[in-house]
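>>> Provided below are the primary sequence and the corresponding predicted coordinates.
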Amino acid sequence: LYSDEAAHFDGTNWTLYIFDNIPGFSNFYCNEITYDANGTVLIGGRAFFSPTTNYCLATFDGTNWQLINSGISGSSVGAIYAEPGGSIWLGSGATFNGQFGLVEYDGSNWSIYSLANGTYPIEEVHDLAQDANGLIWAAGLDHGLVSFDPANGNFVQYDNPANPLLEGTFREIATDPSSG
């Protein structure tokens, strides 16, 4: 998915939202869509306003659209996960100003874990999930299976050259909600 529009199906009818027709959303492109615990639509993408664009997350509550300024220039979202009642996690689909990685948004603050600052071990993130133990799992590019413990800030990279299942690029990830 990489589009300048989004659609909603209510069981009977389709509604098409063209970002260029929404005030303030000209040149916004959608990469990923999910819902938060309140039913708000979260759209991770990229806004091509200028080289210093800071908008990579948009919300839609059924009536109002909002672009959220990440303060991170040149950002693009390739994956998005909303914790039930908690943070929104974004995985970079392209560079966060040279900083591929994982970003947490708690509703007001942004935390960046990246290759550039030495806190995140892989590049592009393609998918995110959370397990029953609260770990955030990221599937990504080149040796790209990582778990992150938000409680202590520790990452574990599952990279084993002797095991071809743990090498290469991971596109999707799912966790068992009953066992982690």
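Great, that's in hand.
>>> and residue 60, what does it touch?
Applying CB atoms under 8 Å, 6 or more residues apart in numbering to residue 60 gives the contacts 17, 40, 41, 43, 66. C-beta: built from backbone N, CA, C; applies to glycine.
>>> Can I have the buried ones of those residues as a ChimeraX selection?
Of the contacts of residue 60, the buried ones can be selected in ChimeraX as follows, counting by 16 or more other CB atoms under 10 Å:
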select :17,41,43
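>>> Format the contacts of residue 60 as TSV; extra columns: distance to residue 103, secondary structure and pLDDT.
As requested, those are exported to TSV (distance: CB to CB, whole Å; DSSP: H, G, I helix; E, B strand; the rest coil; pLDDT from 0 to 100):
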residue	distance to residue 103	secondary structure	pLDDT
17	24	strand	88
40	18	coil	91
41	19	strand	91
43	15	strand	88
66	18	strand	87
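>>> Closest one to residue 78 out of the contacts of residue 60, please.
Nearest to residue 78 among the contacts of residue 60 is residue 43, at 12.6 Å by CB to CB.
>>> Next one: residue 157 relative to residue 139, how far apart?
Residue 157 is 12 Å from residue 139, where distance means CB to CB, to the nearest Å.
>>> Which one's more surrounded, these two?
residue 139 (22 against 15; other CB atoms under 10 Å).
>>> out of the contacts of residue 60, what pair is the most spread apart?
Maximum pairwise distance in the contacts of residue 60, criterion CB to CB, is 14.4 Å, between 17 and 40.
>>> Kindly format the C-alpha coordinates of the lowest-mean-pLDDT helix or strand in the chain as CSV.
Among the helices and strands of the chain, strand 110-114 carries the lowest confidence by mean pLDDT, DSSP states H and E, at a mean of 78. What follows is strand 110-114, C-alpha atoms only, in CSV (Å, rounded to 0.1, in the frame of the first residue of the first chain):
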residue,chain,number,x,y,z
TRP,A,110,8.7,10.9,20.3
SER,A,111,11.5,8.4,21.1
ILE,A,112,13.8,7.3,18.3
TYR,A,113,15.7,4.0,18.3
SER,A,114,18.0,3.9,15.2
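>>> Parallel or antiparallel, which strands does it pair with?
According to DSSP bridges, strand 110-114 has the following sheet partners: strand 101-105 (antiparallel).
>>> quick one: low-confidence parts of this protein?
In the predicted model, the chain carries pLDDT under 70 at residues 1-2, 47-55, 70-75, 93-100, 114-123, 141-144, 159-168, 180.
>>> Quickly list what's touching both of residue 157 and residue 139.
Common contacts of residue 157 and residue 139 (CB under 8 Å, 6+ apart): residue 145.
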